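# below is the structure, and that's it, no one-letter string:
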């Protein structure tokens, strides 16, 4: 999935990566989770979160990214 505009992840849910999924952020991705949020790698294929835009944590709590996270070109 490619995100080019402004996107947000709100609530207390998880993002699950499966079957070699790639989440590519090319815009602004705001993590508004108020609890301990996580992204989960199910282990089926090589999954990754690629940030080439801006990732901002604005909610309270800690976010654990449990899959490959590439932030080489992002902020």
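Perfect, thanks for sending it. Computed from a predicted structure; not experimentally measured. Numbering: from 1, shown residues only.
# just give the nearest non-adjacent residue to residue 40, would you?
Distances taken as Cβ to Cβ, 6 or more residues apart in numbering put residue 16 closest to residue 40, at 4.8 Å, once the chain neighbours are dropped. Heads up, the C-betas are built off the backbone N, CA and C, glycines and all.
# do residue 6 as well
Once flanking residues are discounted, residue 6 sits nearest to residue 28: 4.7 Å by Cβ to Cβ, 6+ apart.
# pretty sure that neighbour sits against residue 58.
No. Under the criterion of Cβ atoms under 8 Å, residue 28 is not in contact with residue 58, lying 11.0 Å apart.
# next structured bit after the helix or strand encompassing the residue nearest to residue 40?
Take DSSP states H and E as the rule and residue 16 turns out to sit in strand 15-17. Moving toward the C-terminus from strand 15-17, the next helix or strand (DSSP H and E) is strand 22-25.
# for the protein, give me the ranges with low pLDDT.
35-38, 41-43 (pLDDT under 70).
# repeat that with 90
Along the chain, segments meeting pLDDT under 90 span 10-21, 33-48, 59-69, 72-75.
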